[in-house]
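*Asks:* pasting the sequence and the predicted model now:
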Amino acid sequence: MPVAAPKTMPLPTLLLLAVVGMGAAGCAGEAGKAVAEAAGMATTPQEAKPFVQETRPVDPAYVPVGSVVTREAPRKPVADFKTMEAELEAKRISNEAAGNQAKALGATPPPAPAQLPTN
């Protein structure tokens, strides 16, 4: 069974198709979106949920990268840092003790194999 060579389109036809395709793509805009939505291939953005709308500021202030924005931030007293440091040190000691206990338990020899009774 002989295999036929694929048919080629003449160059003017290909150019015409390319120009028509670019023109259609450029004019798609809202009409193209409406057709895509009707066909189920595009979606419309949903409105934000009420709790999101309540938490967003009405006029969000954009802060560009690299800008210097100053704001008042309450500083913690040194005593709070000392308390946190003591808590973390106690947790570290507790973790080390648990790790040493796990090492000791893991170092026990395995039990001897079971002895089968001989009759």
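*Replies:* The structure has been received and is ready for your questions.

*Asks:* quick check: next helix or strand after the helix-or-strand element of the chain with minimal mean pLDDT?
*Replies:* Every helix and strand in the chain was compared by mean pLDDT, DSSP states H and E; the lowest is helix 11-26, with a mean of 71. The C-terminal neighbour of helix 11-26 among helices and strands, as given by DSSP states H and E, is helix 29-38.

*Asks:* tell me how far that following helix lies from the chain's centre.
*Replies:* 30 Å (Cα atoms, centre = their mean, to the nearest Å).

*Asks:* determine the three-state secondary structure at residue 112.
*Replies:* Following DSSP: H, G, I helix; E, B strand; the rest coil, we place residue 112 in the coil state.

*Asks:* pull the number of nearby residues for it.
*Replies:* Residues lying near residue 112 (other Cβ atoms under 10 Å) number 6. (Glycine included, C-beta is placed from N, CA and C.)

*Asks:* quick check: phi and psi at it.
*Replies:* When read as degrees, to the nearest 10, the backbone of residue 112 gives phi -70, psi 150.

*Asks:* next: residue 90.
*Replies:* phi -60, psi -40.

*Asks:* look up how far residue 78 lies from it.
*Replies:* 19 Å (Cβ to Cβ, to the nearest Å).

*Asks:* and for residue 68?
*Replies:* For residue 68 relative to residue 78 (Cβ to Cβ), the value is 27 Å.

*Asks:* more neighbours: those two, which one.
*Replies:* Set side by side, residue 68 and residue 78 show more neighbours around residue 78, with 8 against 5, by other Cβ under 10 Å.
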